[in-house]
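J.: here are the coordinates; sequence isn't available:
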């Protein structure tokens, strides 16, 4: 299904470029049909998939600056696709039990359906974990090259050390119809979103304009918006249980891997990224920024990876 690309132009913040072609793809999970939204720039060239990080405000718009830089610099070389994960962004946000298996199966199905050869992938945050897990579990070679931008595998409450039984209880509480809605509303207020961005997403606080925060707030208020973020925040979408498990996804792969490591990342997250950087098969570049590196410094990210692609 083709959606309105022209209507999307007004939402491009301050990016003076044309939007991509916005479409939806129906995918079935647990007997439920989920319409997944994705956006494409270019009609030919090597396929390149852009995967945003998972978060309460997760959206493909986080990858726009990277997409626009690469499309403008190499208009004939790449066909670029950025998507909204199920339960996030403009994709359906059904009341499902969101879990790792859902996203691993979705990613494999989307790549196999949309592309007919291995695809280059740029994955931010938790998306990196799903890319690496799929690299291991798929019987096919899905990826031509892999770029991991500020990769993570620990959800916020997991990183805080909250026990699993507490995290599971909180997840169920947020899913409840009345108290859950109230808790979600408290944690998506514009003031809280601004605080969250300042704490560990953006380095440059001047980027957090009222218009920027208002758009992110609107993203959190879509029908069914709390279900997938509740799973992410409480660790239900963590693609591995331990560092050893996560690093195990890298073993035996022959696919070229580039890690972009943000120099101002929180200490726990940076320690996990440094463990990836220490792997012999991983090339590493360090850039100013923190966990929102792909969005805050998209042009610099694209410039840094152009040679690798």
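T.: Cool, the structure landed. Small disclaimer: the values here were computed from a predicted structure and weren't measured.
J.: the stretch 51-200 of the chain: helices as residue ranges?
T.: With DSSP state H, counting those that start in this stretch as the definition, the stretch 51-200 of the chain shows helices at residue ranges 64-73, 100-114, 127-137, 156-159, 164-175, 179-186, 190-200.
J.: what's the closest of these to residue 265?
T.: Between residue 265 and the helices of the stretch 51-200 of the chain, the shortest separation by C-beta to C-beta is 7.8 Å, and it involves helix 190-200. Any C-beta I mention is one placed from the backbone N, CA and C, and that applies to glycine too.
J.: circling back: what would the helices of the stretch 51-200 of the chain look like in CSV with distance to residue 226, mean neighbour count and mean pLDDT?
T.: Output for the helices of the stretch 51-200 of the chain, formatted as CSV (distance: least, C-beta to C-beta, whole Å; neighbours: other C-beta atoms under 10 Å; pLDDT from 0 to 100):
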stretch, distance to residue 226, mean neighbour count, mean pLDDT
helix 64-73, 25, 22, 95
helix 100-114, 16, 18, 96
helix 127-137, 20, 23, 89
helix 156-159, 15, 18, 90
helix 164-175, 6, 15, 91
helix 179-186, 4, 14, 93
helix 190-200, 14, 16, 96
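J.: please tell me how far residue 184 sits from residue 175.
T.: 9 Å (C-beta to C-beta, to the nearest Å).
J.: what do you get for residue 277?
T.: Summarising the geometry, the distance separating residue 277 from residue 175, computed by C-beta to C-beta, is 37 Å.
J.: quick revisit: reformat the helices of the stretch 51-200 of the chain as JSON lines; add distance to residue 245.
T.: What follows is the helices of the stretch 51-200 of the chain, written out as JSON lines (distance: least, C-beta to C-beta, whole Å):
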{"stretch": "helix 64-73", "distance to residue 245": "28"}
{"stretch": "helix 100-114", "distance to residue 245": "11"}
{"stretch": "helix 127-137", "distance to residue 245": "9"}
{"stretch": "helix 156-159", "distance to residue 245": "13"}
{"stretch": "helix 164-175", "distance to residue 245": "15"}
{"stretch": "helix 179-186", "distance to residue 245": "30"}
{"stretch": "helix 190-200", "distance to residue 245": "23"}
